[in-house]
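S.K.: Structure here, sequence nowhere to be found:
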């Protein structure tokens, strides 16, 4: 599904490399976790994969569903079924959740030659997804993330994911800033969305999230590269010994 | 070297020369005073402080004539501009001339007057109010209107009377080959505890050159409440110089919203005068301009007595080479304590060559007041655009949606549903014009 080969990236117009040759394969039905200390490039990886214009790929390729998406615009990647749950969801006053999601859903449907939903059908569809993150109807008519608490913003990302039904989702530090109750709701939501037909890449600093969403693979990212891959026991090892210890071992 | 010549108002307004020998026959005192001012007051230039950012070329490069009133326009089709809420409360003016066949006033409460000024020329309330609060300094535009207006709107609402339906004042400008000037006039008198909603619209049916110089006088006595929406959709080659003034007595409320979409040059000088204690007013604006449009708002919120609340949110979107100017003055007189006044000018630049000048100006002589102001000039945030784009929206659609959201706040405060819908359409048309 996703094949990242030797990916190098810089901030547009700057020279300092942030990604220094990332390799990653994700298949249908898999859940991956990418862990790493602050500044290791793990959030950058999610932004580069989803097409953030702030970054420039200087080397390597990103293949998704058999297509080279390395130079595609973010919206075209979304049409192919890629989704990014933001670490810091953006507040957009004046546009409701419903407006954004209907526009997004129908744009993606058009791009894939699927049928669009009219406002009434879409309303029913939206309401059916609300239970996934335990939110009330009024959530739909609020301006995107405006005045939302930290937890509500993260729930909103997962809600958007449920509605747009992507093939591959990057969850960028979705657990950060969540209290235990909110973390449970968000994780339950992700688990309900996860299926043999889609794939999820979680990016996190802490092992805590992995208690709720069980990954098939765990990768450790340091200094712009994936330095170690394994199963859940790798996360446990990190939790026990910390990133410093692993860095020493690798050196 | 740029040569700055002093243009006399006489030269500029060809028809005024024709008029100079014989003034229109009603309102003699007002007109002769105005004529004297016009004779002595030069046309403004960029050398004048109040006009230094405003390019008046679209006026000074033309000679304007007054409109031939004999051309009948009774067959003009205007149904598309009618508001469903105001089907029986509409006054229509075509190129400045009152059109009884297009107008419809029915079922007004007892004592209410909604009609053409020239039909009420001897009315006591009209005579005692007309021209009493429009004291603009060093000004040729109010006098120009004073000298020239013939038809116009007169609204009188008696004590404790509520007009439920909004009153729609529709000024329509048809295509004419020669540049002409039009001087719409509105006089509104609201007695104690009266209530009314006014929708004042200016619509150019073509893209011809004309000069539109409306003067509005709103006199609100104690406890009177007025909502006043002004929608400017003039021809993209027109110039529009507006002078709307409101004077408020105790407990009066006046809420105005000005929407600027059309005209090549728009200069709006709204003034609200607090004439007694405890008033509440709003002077909001939304400006959506592109091409080479210039939109200039010089407003005054004039607190002369204690306990006044005022609020101004002036939102501007500038595309292409368009130019927005904002100068918002808040005056608080020496003994006018406990004033709460808030002013904000938010500008969104969506092109590289657009221009914005903004200047809040507070002159406060009282010591126990709360006055705040803010001005921002911004562009769309890349992070916002990316967020929407990552959800599948094209970059163009994402930008449109963000501009729409920016403008929306001003539109939602419209008191009349169909006007809100009309403006939403205009905002959408502006944002997806490419």
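M.R.: Thanks, I have it. Since the structure is predicted, the reported quantities are computational estimates derived from the model, not experimental observations. Numbers count the residues shown, from 1 in each chain, chains lettered A, B, ... in the order given.

S.K.: does any bit of stretch A:85-95 sit next to chain B?
M.R.: Yes. Stretch A:85-95 lies within reach of chain B by CB under 8 Å from any CB of the partner chain, at A:86, A:89, A:90, A:92, A:93, A:94, A:95. Using the backbone N, CA and C atoms, a C-beta is placed for each residue, glycine as well.

S.K.: Okay, now the unreliable bits of chain B?
M.R.: Scanning chain B with the threshold set as pLDDT under 70 gives B:1-10, B:12-23, B:68-72, B:434.

S.K.: So which bits of it are right by chain A?
M.R.: Residues of chain B lying close to chain A by CB under 8 Å from any CB are B:381-384, B:386-395, B:397-398, B:401-402, B:404-406, B:408-409.

S.K.: which residues does the closest residue to chain B within chain A contact?
M.R.: Closest approach of chain A to chain B (CB to the nearest CB) occurs at residue A:94, with a separation of 2.9 Å. Residue A:94 makes contacts with A:143, B:404, B:405, B:406, B:408, B:409, as judged by CB atoms under 8 Å, 6 or more residues apart in numbering or on different chains.

S.K.: Spatially, and excluding backbone neighbours, which residue is closest to it.
M.R.: residue B:405 (2.9 Å; CB to CB, 6 or more residues apart in numbering or on different chains).

S.K.: how far is stretch B:102-118 from where the chain is centred?
M.R.: Its chain's average C-alpha position is 22 Å from that of stretch B:102-118, according to CA atoms, centre = their mean, to the nearest Å.

S.K.: and whichever residue of chain B sits closest to chain A, how many residues sit next to it?
M.R.: In chain B, the residue found nearest to chain A is residue B:405; the distance is 2.9 Å by CB to the nearest CB. Residue B:405: 21 surrounding residues under other CB atoms under 10 Å in any protein chain shown.

S.K.: and what of residue B:290?
M.R.: Residue B:290, neighbours per other CB under 10 Å, totals 18.

S.K.: Confirm for me that it is in contact with residue B:433.
M.R.: Yes. Using CB atoms under 8 Å, residue B:290 is in contact with residue B:433, at 7.1 Å.

S.K.: Quick check on the residues of chain B next to chain A: which are buried?
M.R.: Buried members of these, scored by 16 or more other CB atoms under 10 Å in any protein chain shown, are B:384, B:386-394, B:397-398, B:401-402, B:404-406, B:408.

S.K.: So which bits of chain A are right by chain B?
M.R.: A:50-54, A:73-75, A:77-79, A:83-84, A:86, A:89-90, A:92-95, A:99-101, A:103-105, A:107-108, A:111, A:143, A:160, A:164.

S.K.: I'd assumed the residue of chain A closest to chain B was in a helix, is it?
M.R.: No. Per DSSP: H, G, I helix; E, B strand; the rest coil, residue A:94 lies outside any helix segment and is strand.

S.K.: And residue A:104, how close does it get to residue A:191?
M.R.: For residue A:104, the distance to residue A:191 equals 23 Å [CB to CB, to the nearest Å].

S.K.: So for the two, which residue has more residues nearby?
M.R.: Higher neighbour count among residue A:104 and residue A:191: residue A:104, with 22 against 14, using other CB under 10 Å.

S.K.: Low-confidence regions, chain A specifically.
M.R.: Using pLDDT under 70, nothing in chain A is flagged.

S.K.: the longest helix in it is where?
M.R.: helix A:232-250 (DSSP state H).

S.K.: list the buried ones in it?
M.R.: A:232, A:234, A:235, A:237, A:238, A:243, A:246.

S.K.: Show me the strands in the stretch 1-150 of chain A, by range?
M.R.: A:2-11, A:17-26, A:31-35, A:55-64, A:67-68, A:82-85, A:92-96, A:143-144 (DSSP state E, counting those that start in this stretch).

S.K.: Quick one: distance of the first one to the chain centre.
M.R.: Read that as strand A:2-11. On CA atoms, centre = their mean, the centre of strand A:2-11 falls 16 Å from that of its chain.

S.K.: Tell me which two of the buried residues of helix A:232-250 sit farthest apart.
M.R.: A:232 and A:243 (17.1 Å; CB to CB).

S.K.: still on that earlier bit, give me the contact list for the longest helix of chain A.
M.R.: By CB under 8 Å, 6+ apart, the surrounding residues in contact with helix A:232-250 are A:33, A:35-37, A:207, A:210, A:214-215, A:218, A:220, A:222, A:227-228.

S.K.: And the closest residue to residue B:121 other than its chain neighbours, its phi and psi?
M.R.: Spatial nearest neighbour of residue B:121, excluding adjacent residues (CB to CB, 6+ apart): residue B:26 at 4.4 Å. Note on residue B:26: backbone dihedrals following degrees, to the nearest 10 are phi -100, psi 170.

S.K.: how many neighbours does residue B:26 have?
M.R.: Residue B:26 has 13 neighbours, counted by other CB under 10 Å.

S.K.: try the one 3 residues further on
M.R.: The number of residues packed near residue B:29 is 10, by other CB under 10 Å.

S.K.: Surely residue A:150 touches residue A:173?
M.R.: No. With contact defined as CB under 8 Å, residue A:150 does not count as touching residue A:173 (11.5 Å).

S.K.: And these two? Which one has more around it.
M.R.: Legend: neighbour count by other CB under 10 Å for residue A:150 and residue A:173, higher for residue A:173 (21 against 14).

S.K.: Adding neighbour count, write the contacts of helix A:232-250 out as TSV.
M.R.: As requested, those are exported to TSV (neighbours: other CB atoms under 10 Å in any protein chain shown):
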residue	neighbour count
A:33	24
A:35	27
A:36	25
A:37	17
A:207	18
A:210	21
A:214	12
A:215	22
A:218	24
A:220	25
A:222	19
A:227	16
A:228	17
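
S.K.: Just put these in CSV and tack on distance to residue B:301.
M.R.: Shown next, in CSV, are the contacts of helix A:232-250 (distance: CB to CB, whole Å):
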residue, distance to residue B:301
A:33, 58
A:35, 57
A:36, 56
A:37, 55
A:207, 59
A:210, 59
A:214, 62
A:215, 60
A:218, 62
A:220, 61
A:222, 59
A:227, 63
A:228, 66
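
S.K.: what's the closest of those residues to residue A:6?
M.R.: Nearest to residue A:6 among the contacts of helix A:232-250, with distances taken as CB to CB, is residue A:227, at 14.7 Å.

S.K.: Was I right to think the closest one contacts residue A:220?
M.R.: Yes. Contact criterion CB under 8 Å: residue A:227 and residue A:220 qualify, at 5.5 Å.

S.K.: Now the phi/psi pair for residue B:59, please.
M.R.: Backbone torsions for residue B:59, taken as degrees, to the nearest 10, come to phi -90, psi -50.

S.K.: Oh, that last question was meant for residue B:134, not what I typed.
M.R.: According to degrees, to the nearest 10, residue B:134 has phi -100, psi 60.

S.K.: That one: neighbouring residues, count only.
M.R.: Counted with other CB under 10 Å, residue B:134 comes out at 21.

S.K.: same deal with residue A:157?
M.R.: Neighbour number of residue A:157 under other CB under 10 Å is 24.

S.K.: List the residues that contact it.
M.R.: Residue A:157 sits in contact with A:85, A:86, A:89, A:171, A:174, where contact means CB under 8 Å, 6+ apart.

S.K.: Any chance of a ChimeraX selection covering the buried ones in the residues you listed?
M.R.: To isolate the buried members of the contacts of residue A:157 in ChimeraX, using 16+ other CB under 10 Å:
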select /A:85,86,89,171,174
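
S.K.: Show me which pair in the contacts of residue A:157 is furthest apart.
M.R.: Maximum distance among the contacts of residue A:157 (CB to CB): 11.8 Å, for A:89 and A:171.

S.K.: Bridged to the residue nearest the centre of chain B, which residues?
M.R.: Centroid-nearest residue in chain B: residue B:242, 5.0 Å away (criterion: CA atoms, centre = their mean). Residues in a beta bridge with residue B:242, per DSSP bridges, are residue B:268.

S.K.: if I pick it, what's in contact with it?
M.R.: Neighbouring residues of residue B:242 by CB under 8 Å, 6+ apart: B:213, B:214, B:215, B:216, B:230, B:232, B:258, B:266, B:267, B:268, B:269, B:270.

S.K.: Thanks again, I'm all set now.
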